[in-house]
Structures are given as C-alpha cells and as structure tokens.
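> only geometry, no sequence info:
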C-alpha cells in the first residue's frame, strides 16, 4: 500500500512537470516537537528531488534590506515544480506575535497580507497545501525530554523548542486565529496530530497528489486595499490638450539640466546614506522619450547605486512563474535605485489592449498593483511613477524622424505602428489606469513630453521633489 502510494505521488509529480501548467507550494507549520523535520525528510525521499525545493528560512541581511515579501516571491517554484516551506510566512506571523515583535494590529494586518498573497498565487496556477501540526503539551514535554536523553538525537533540541513549549497555550490560540483568518477554498488548512506517535506523511501525500493532479479550485475573491481617491487630482490625458508651448532654447536647457542633475546627485547621496530604496516607474506613449529621460536621470547617479530594468515580453523563465515574480525579484537593496523602463503596468496597458491578458487578469491586476506598491511604501521606499505623454501628431513626426535617421531606425518597429493604430484604445486604458492606481503616496506624474527638453527637466524636477520630501520626513 505504501509503495503504491509512493508511485502514485511520483507519477503525479512527473506528469505535473511534463504539463508545466501549475506549481505546488507546501507550507508546514504548527507547534514545536511535532516531527516537522522528519516529515519533510520522509516526503523528500518520495518526491523527485530535482523538481523539489525545501526552504527553512532565517532572513539574511540581504532580505532585511528589501520589502518583507521579497524573500518569498523570489523562492516561488516554477510551473511543474514543488516548493516546501518550513513555517514560511506563517511562522513569521505566528512567532512574531507570540514573542510580541508584532502587535495585535500588525498581526491582523499580516494575516490579511497572507490571504491576499495566497489568492494571487492561486489565481496564477499555484496549488497550495497548508499543514498545521498539533501536539498535546504533556506529549510535547515528554518528547523533548526523550530527545535530550538520546545522545544521537539530543542535538535536535534547541533552546527555542523549550521556549515554544512554554508558549504552547499561546501558540494554540494564535494558531486558531491564524487558520480562521487565512482559510479559503483555494488555500485550505489541514490540521493533523504530530509527535512521535503519529505519522502524518500519508495524509500529506494524499493532499499533494490532489494538488498536483486534481482540478485547481476556484479562487475566492479577496477584498483589495481599497480604490485610491478619485476626482480632480487624478491625472487625465486630456489635461495636456491645452496647446503647444514654445520649444525651450538649447542654452537655457543645458543650464537647467546641469542644475537639476547636481541637485539629484546630492539627493541620491543622502538617500544612500539613509538607506532608503527608490523605485521609479517610467511609462508613456511610444516615442515619448522615456529612454532619453532615464539617461539624463542616471547621468547624475553613481553607476554602482542603480539598475535600469527594461521590461519587454516575459522570458520563458518568467512565464513559468506567477506574473508579479519578475518584478519582485528586481527590487533594489535599501539605499539604491531601481528604474523600470516599462513595468508591471504593462498588464493593464499593452497586455489589456492587445488581448495578451484576459479581462479577469487585467482587472484583478489593479488590486495586485496597489498591494504591491503599498508593500514597497510600507518598507520605506520612495515610489515614483512618471507617464510621458505626447499627442498623436508629435508621435507621427518622431516615427518618421526615426525612420530617416540611421542610428535610430532600430527603435521603430512594426509593434510601434500597430500600437499607434489603436491609439484611442490605449488612451482609454491609460486614463483608467490613472483612476485605479493614483493616490497620495504613490501617485502618477503626468509629463507633457511634446518638448523633449522640457520633459527631461520635468522628470528630474519631479524625482528631486520626491527624494527631498522623503529626506525631510523624520527617520
């Protein structure tokens, strides 16, 4: 019977790998001395190791220097693979609250984040298996003492195990609250007895086979962080239809550029000293001058302190992971800049307009984007979002100029002409993006880019203002 179940598990895993249509995330948490290590080792012997990764995390200095959820997003398994997390995000919440490193409100907030995180994974084809291991307090004490008396196993008992034993009642209450808050049809809890007298591996294997081969559950909707305030403060493309201004003279532009770049260099040094991460997003019409503006920005920065990410169609590796994975993994260390030339907003712009994302995907993305940016802000990051807009006539003029300039011809593609043919569709998507993702702390700067020189100065001025506002805030 055991061998038959083992072969069934292996067959399900290999078929899942062949289809590469889903991944499985297993989280095992609960009371101390329940045999989690032995359970994971036993499970690992039954799985194909090349398709399985086990994570037992203590946050590194690199992980502490990035937003909290980065450590988990970067370790998510690709489609066709299994990721096993010992305690994972639940252990952080559970033990943080038990040790009073998290207050009651922060604990509830973390559980809401977990619920949203798991819903996002499930919507992207990740099957979740969550196991809570219980043990009676007196059995736990007896087991810990027995381990200490065995010279070959005494090393397994740590001071933290006795601390968790003293917290048994507290952990039981917090665990109940945790499970109730994060129970969902797409992410159910399985509560089992652990300890030396119980062998939960059979139940876990059954749950894994269901996750690998069964139908994926319908994802329950999770309430988003709330729509940002709307009204006159929300940018609209129509705001830029007030007529052309005279072009800025080259001499005046050069003077203003040098001043703005010097100001930025000073602000960037202060940002580095304070350990403040900066995330800048550049979106805009084709040929609006995003690349030129980014170049003038980075010319004032230390090359060791920034990274420019040019986001195009996802690679095979990126397609094998949940949609947001490729953006989470590019977040900067504290004190550094990450500059995105195109970004996660592609889902509600080009992917929406070109039908590369389903209506359910791009509509869901508004909530996901607001949560993502909210987590960056909660970490203390500066988040700047700039949209460079030009009118249709100016875009056509720049397209022709690119076609006639040998060193710029590579910038003009068939995709640019195709996007231009859907100008009105893009404008509707852009305005809707502003409505759903513009707020006080992570708002959009709408840059009139019909004059490239004025646009570049406006970009530098906006970024400087964001940095100076953050530097003026109390630490």
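That came through, no problem. Quick caveat, the model's predicted, so the values are computed rather than measured.
> Apart from its neighbours in sequence, what residue is nearest residue 441?
Spatially, and ignoring its direct neighbours in sequence, residue 441 is nearest to residue 377 (5.4 Å; CB to CB, 6 or more residues apart in numbering). Every residue, glycine included, has its C-beta placed from N, CA and C.
> Can you name the residues that contact that neighbour?
383, 441-442 (CB atoms under 8 Å, 6 or more residues apart in numbering).
> cool, and residue 361?
Counted by CB under 8 Å, 6+ apart, residue 361 has contacts 123, 323, 347, 351.
> In TSV, list those along with neighbour count and pLDDT.
TSV is the format used below for the contacts of residue 361 (neighbours: other CB atoms under 10 Å; pLDDT from 0 to 100):
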residue	neighbour count	pLDDT
123	21	96
323	21	96
347	22	98
351	19	97
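> From these, pick the one nearest residue 465.
Nearest to residue 465, judged by CB to CB, of these is residue 347 at 27.9 Å.
> The closest one and residue 360 touch, don't they?
No. Shown here, residue 347 and residue 360 do not form a contact pair, counting by CB atoms under 8 Å, at 11.6 Å.
> any idea which helix or strand carries residue 386?
According to DSSP states H and E, residue 386 maps onto strand 382-389.
> Would you mind listing the buried residues in the helix or strand following that strand?
Toward the C-terminus, strand 382-389 is succeeded by helix 392-404 as the next helix or strand (DSSP H and E). Buried residues in helix 392-404, counting neighbours by 16 or more other CB atoms under 10 Å, are found at 394-395, 398-399, 402.
> For helix 392-404, enumerate the helices and strands it packs against.
Judged by 3 or more CB pairs under 8 Å, 6 or more residues apart in numbering; DSSP states H and E, the packing partners of helix 392-404 are helix 414-421.
> The helix or strand that the helix it packs on is followed by: how far from the chain's middle?
Past helix 414-421, further along toward the C-terminus, the next helix or strand under DSSP H and E is helix 423-437. Helix 423-437 sits 23 Å away from the centroid of its parent chain (CA atoms, centre = their mean, to the nearest Å).
> now the angle from helix 423-437 to strand 382-389?
For helix 423-437 against strand 382-389, the angle by axes from the mean of the first three to the mean of the last three CA atoms, to 10 degrees is 160 degrees.
> ok, the helix or strand that helix 423-437 is followed by: who's next to it in the sheet?
Using DSSP H and E, the helix or strand that follows helix 423-437 in sequence is strand 444-448. Paired neighbours of strand 444-448 in the sheet (DSSP bridges): strand 382-389 (parallel).
> Mind listing residues that contact the strand it pairs with?
Strand 382-389 is contacted by residues 235, 237, 240, 271, 276-285, 288-290, 293, 373, 376-377, 430, 434, 437, 441-449, 455, 459, 462-463, 466-467, 470 when judged by CB under 8 Å, 6+ apart.
> For stretch 6-25, which outside residues touch it?
Counting by CB under 8 Å, 6+ apart, 46-48, 51-52, 76-83, 85, 121, 125-129, 205, 208-209, 211-213, 216, 320 sit against stretch 6-25.
> Report the buried residues of that stretch.
Within stretch 6-25, the residues that qualify as buried are 8-9, 12-13, 16-17, 22-25, counting by 16+ other CB under 10 Å.
> what do you get for stretch 270-290?
271-272, 276-290.
> Averaged pLDDT, it. What do you get?
For stretch 270-290, the mean per-residue pLDDT is 97.
> go on, stretch 458-472?
Here the average pLDDT along stretch 458-472 is 98.
> cool, stretch 43-58 as well?
Rounded mean pLDDT across stretch 43-58 is 92.
> what's that stretch in contact with?
6, 9-10, 13-14, 17, 40, 71, 75, 77, 80-88, 201, 204-205, 208.
> With respect to pLDDT, which of the contacts of residue 377 ranks lowest?
Lowest pLDDT of the contacts of residue 377: residue 441, 78.
> For it, the count of nearby residues, please.
12 (other CB atoms under 10 Å).
> What backbone torsions are found at it?
Backbone torsions for residue 441, taken as degrees, to the nearest 10, come to phi -90, psi -30.
> Against which helices or strands is the least confident helix or strand in the chain by mean pLDDT packed?
The helix or strand of the chain with the lowest confidence, counting by mean pLDDT, DSSP states H and E, is helix 414-421 at a mean of 82. Where contact means 3+ CB pairs under 8 Å, 6+ apart, helix 414-421 is packed against helix 392-404.
> what's in contact with the helix it packs on?
With CB under 8 Å, 6+ apart, helix 392-404 has contacts from 285-288, 390, 408-409, 411-412, 416-417, 420, 423, 450.
> taking the contacts of strand 382-389 one by one, which sit in helices?
Here DSSP state H is the test, and the contacts of strand 382-389 give 271, 290, 293, 373, 376-377, 430, 434, 437, 455, 459, 462-463, 466-467, 470 as lying in helices.
> All the strands of this protein, in order from the start?
23-30, 52-55, 82-86, 126-134, 189-193, 278-284, 306-310, 337-341, 382-389, 444-448 (DSSP state E).
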